[in-house]
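Participant: Structural data only, the sequence is not supplied:
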């Protein structure tokens, strides 16, 4: 037996227009398109500002209000029946990697806008307003850190501390933010909104699990924790043709010994732990010179805080022990504990998938998302859809129209449930 609330959720999901959603996704992917299906929309750059104008124009044509906050997070608001009620927020980001795909981030924003249109089409009213957000600078390519908009919004980062930070092109953040505000004059400036009922983010999985296991929806239970380290290995430069191996202080050889030792320590038979050396800088980086110095970065992730602590705490000692001839220093530069999403939001999403008869899989997120920081200030959840071969941050990133629509249906019904 379905309740009146269930009927509204089903009606909202049924009003998702797959063809319209897919058309909007493809059209949006043309903004900053680089060929081969790829997109380059760096945060607060010309292409991303064009994407903001596109969203603003679409929202205003549908009769929605548009707002922008001090860090240029962009909000599209569908009013609820109670003018004083706190909002439910949904969305993601619209900036990309330099060689990014069309759906990372953008799917969550466009699917959320489609959900608003579906609620209108189904004549579903909610007590709480629903707002779609495009967070500023999630990727952290042009400006650091990533997830800047959600960090400032949640209070994890003070805008005053980074306002004069320069981007990769030399432009200050404050100047870029001013350009963003000028690019959307139809958006009303407002301070950070509090409190919030909940935040729900729809996103492509960026991994292969849903596709491999045949599930159209992932109900995300949380985001695994992360620790980043910088390792500096200092030896001595020497001539490659004349210096005997026995007398060398080769920083590269010791760096390899360290990485090999850490690879063994990080071995996980369950394949849950993620250990990556993603940056390697050799000085002087010359073919015929013994490397004098090597710096490399470590990205360590795990959903269990205890394991993350145990593995990360041993890195410095193991690096020092593995080096034979060089001095080694290890510095932890970032840490974020695992995030567990709100049980009520998770259960609501899963209940919706059963109501809509869409199979779902509970799972963690391996990647960062803005939801990681929203989780600190309100009940939070995420909805994943599969992406082909798990490829993301690449022009080959791909989803189907049916997958996009399934996620939007679950999102629309979830928003009705949370905002009712």
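Facilitator: Arrived safely, thanks for sending. Note that the coordinates shown come from a computational prediction; the quantities given were computed from them, not determined experimentally. Residues are numbered from 1 along each chain as shown.

Participant: quick one: the strands in the stretch 151-300 of the chain?
Facilitator: 188-189, 198-204, 217-223, 225-234, 238-239, 274-283, 289-290, 293-302 (DSSP state E, counting those that start in this stretch).

Participant: Quick one, which of those gets closest to residue 406.
Facilitator: strand 217-223 (6.4 Å; Cβ to Cβ). (C-beta placed from N, C-alpha, C; glycine too.)

Participant: before we move on, back to that, redo the strands of the stretch 151-300 of the chain as a markdown table? Include mean pLDDT and mean neighbour count.
Facilitator: Below are those laid out as a markdown table (pLDDT from 0 to 100; neighbours: other Cβ atoms under 10 Å):
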| stretch | mean pLDDT | mean neighbour count |
| --- | --- | --- |
| strand 188-189 | 96 | 12 |
| strand 198-204 | 98 | 29 |
| strand 217-223 | 97 | 25 |
| strand 225-234 | 96 | 21 |
| strand 238-239 | 97 | 13 |
| strand 274-283 | 95 | 14 |
| strand 289-290 | 98 | 19 |
| strand 293-302 | 97 | 20 |
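
Participant: could you dump the ones you listed to JSON lines with distance to residue 173?
Facilitator: Converted to JSON lines, these look like this (distance: least, Cβ to Cβ, whole Å):
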{"stretch": "strand 188-189", "distance to residue 173": "17"}
{"stretch": "strand 198-204", "distance to residue 173": "24"}
{"stretch": "strand 217-223", "distance to residue 173": "25"}
{"stretch": "strand 225-234", "distance to residue 173": "21"}
{"stretch": "strand 238-239", "distance to residue 173": "43"}
{"stretch": "strand 274-283", "distance to residue 173": "23"}
{"stretch": "strand 289-290", "distance to residue 173": "38"}
{"stretch": "strand 293-302", "distance to residue 173": "23"}
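
Participant: To residue 320, which of the ones you listed lies closest?
Facilitator: Per Cβ to Cβ, nearest to residue 320 of these: strand 225-234, 10.3 Å.

Participant: now the closest one, how far from the centre of its chain.
Facilitator: 21 Å (Cα atoms, centre = their mean, to the nearest Å).

Participant: and it, which strands flank it?
Facilitator: strand 293-302 (antiparallel), strand 327-336 (antiparallel) (DSSP bridges).

Participant: got the angle for the top helix by length along the chain vs strand 217-223?
Facilitator: Counting residues, the longest helix found in the chain (DSSP state H) is helix 401-419. On the basis of axes from the mean of the first three to the mean of the last three Cα atoms, to 10 degrees, helix 401-419 is oriented at 60 degrees to strand 217-223.

Participant: OK, contacts around the residue nearest in space to the middle of the chain?
Facilitator: Nearest to the geometric centre of the chain sits residue 369, at 2.9 Å (Cα atoms, centre = their mean). By Cβ atoms under 8 Å, 6 or more residues apart in numbering, the residues touching residue 369 are 92, 138, 147, 201, 203, 223, 382.

Participant: Just put the strands paired with strand 225-234 in JSON lines and tack on distance to residue 193.
Facilitator: JSON lines is the format used below for the strands paired with strand 225-234 (distance: least, Cβ to Cβ, whole Å):
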{"stretch": "strand 293-302", "distance to residue 193": "31"}
{"stretch": "strand 327-336", "distance to residue 193": "24"}
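
Participant: Would you mind saying which of those lies nearest residue 109?
Facilitator: Using Cβ to Cβ, those put strand 327-336 closest to residue 109, at 23.4 Å.

Participant: Next SSE downstream of the closest one?
Facilitator: strand 339-340 (DSSP states H and E).

Participant: gap between that following strand and the chain center?
Facilitator: So, by Cα atoms, centre = their mean, the centroid of strand 339-340 is 15 Å from its chain's centroid.

Participant: what mean pLDDT would you report for it?
Facilitator: If you average the pLDDT over strand 339-340, you get 94.

Participant: Show me what the following helix or strand past that strand is packed up against.
Facilitator: Going down the chain from strand 339-340, the next helix or strand is helix 343-355, by DSSP H and E. In this structure, helix 343-355 makes packing contacts with helix 4-14, strand 198-204, strand 217-223, strand 360-365, strand 380-385, helix 401-419, judged by 3 or more Cβ pairs under 8 Å, 6 or more residues apart in numbering; DSSP states H and E.

Participant: For the nearest residue to residue 135 once chain neighbours are set aside, give me its contacts.
Facilitator: Sequence neighbours aside, residue 149 is the residue nearest to residue 135 in space, at 3.9 Å (criterion: Cβ to Cβ, 6 or more residues apart in numbering). Listed by Cβ under 8 Å, 6+ apart, the contact set of residue 149 reads 71-73, 93, 135-138, 370.

Participant: If we use 10 Å, what do you get?
Facilitator: 43, 69, 71-74, 93, 95, 133-138, 157, 159, 370, 373 (Cβ atoms under 10 Å, 6 or more residues apart in numbering).
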